[in-house]
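**Q** Could you work out the structure for the sequence below:
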Amino acid sequence: MASWSDFSADEPRLADAIRALMLQYGPGLGYLATVRADGGPRVHPVSPVITDEGLFCFVVDSPKRRDLQRDGRYALHSFPPEDSDDEAYLAGRATVVTDRAKVARLAGHLRAAPQVDWELYEFTVDVAMLARHGRNGATPFAVEPPGRPAVQVWLDPSAAAEPARSPERRPSRSACELPAPA
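**A** Coordinates of the predicted model:
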């Protein structure tokens, strides 16, 4: 599993574009999908933190935290921009950060209230995706019909060396432009 720093070093332009969408409103904003105990999806708004050290999220005692404690799989999707339908998506695993110095540094930098019952999670990146929808976006009421988005996908190259965890797992590859159908 790649850290945000590993992903960013491998595909800096894609990482910068995803960071820009996640942080477009100042603090990070995104939708976090976790796995409920019954295997179903659960979605929560969150404020991801992206630094040179990694991709993090402070998580208060809540169903999403219990989901992450039990099953660290996650998916994170950006909030939609006001002027387009561009989107960013990340997926991987979340783990609790136990390094007290790192927790204190990030909490101090972000002014996270110490009296709140939160834990800091770091998110690895198995998959990163950026979709640019163009001038008309994906809006069904646009004057011109929407075109296909330009999609860039990055899969963790180290995942190819791991045994497949599910039948759906695809071979790993670096970021690539998926061609828009004509």
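**Q** what about residue 158, neighbour count?
**A** 12 (other C-beta atoms under 10 Å). Placement of C-beta: from N, CA and C, glycine included.
**Q** For the nearest residue to it once chain neighbours are set aside, give me the pLDDT.
**A** Nearest residue to residue 158, sequence neighbours excluded (C-beta to C-beta, 6 or more residues apart in numbering): residue 2, at 6.3 Å. Note on residue 2: pLDDT of 95.
**Q** Name the nearest residue to residue 96, sequence neighbours excluded.
**A** The shortest distance from residue 96 to any non-neighbouring residue, by C-beta to C-beta, 6+ apart, is to residue 119 (5.5 Å).
**Q** just residue 90 next, same as before
**A** residue 76 (4.6 Å).
**Q** With residue 130 instead?
**A** residue 152 (4.7 Å).
**Q** Give the buried residues for the longest strand seen in the chain.
**A** Assignment by DSSP state E gives strand 87-96 as the longest strand of the chain. For strand 87-96, burial by neighbour count (16 or more other C-beta atoms under 10 Å) applies to 87-94.
**Q** cool, stretch 50-57 as well?
**A** 50, 54-57.
**Q** just checking, residue 56 is part of a helix?
**A** No: going by DSSP: H, G, I helix; E, B strand; the rest coil, the assignment for residue 56 is strand, not a helix.
**Q** That one is in contact with residue 118, isn't it?
**A** No: if you go by C-beta atoms under 8 Å, residue 56 and residue 118 don't touch, sitting 11.2 Å apart.
**Q** what's near enough to touch the residue nearest to residue 158?
**A** Going by C-beta atoms under 8 Å, 6 or more residues apart in numbering, residue 2 touches 10, 92, 124-126, 156-158.
**Q** which strand residues sit across from the spatially most central residue of the chain in the sheet?
**A** Central residue of the chain (C-alpha atoms, centre = their mean): residue 90, 3.2 Å from the mean position. For residue 90, the beta-bridge partners under DSSP bridges are residue 76, residue 128.
**Q** now do residue 132
**A** For residue 132, the beta-bridge partners are residue 150 (DSSP bridges).
**Q** wait, is residue 84 part of a strand?
**A** No: using three-state DSSP, the assignment for residue 84 is coil, not a strand.
**Q** per-residue confidence at it?
**A** 83.
**Q** same deal with the one 4 residues further on?
**A** As summarised for this prediction, residue 88 has a pLDDT of 97.
**Q** Would you quantify the distance from it to residue 65?
**A** 23 Å (C-beta to C-beta, to the nearest Å).
**Q** repeat for residue 40
**A** Applying C-beta to C-beta to residue 40 and residue 65 gives a distance of 17 Å.
**Q** quick one: which of these two has more around it?
**A** Of the pair residue 40 and residue 65, residue 65 is the one with more neighbours under other C-beta under 10 Å, namely 20 against 7.
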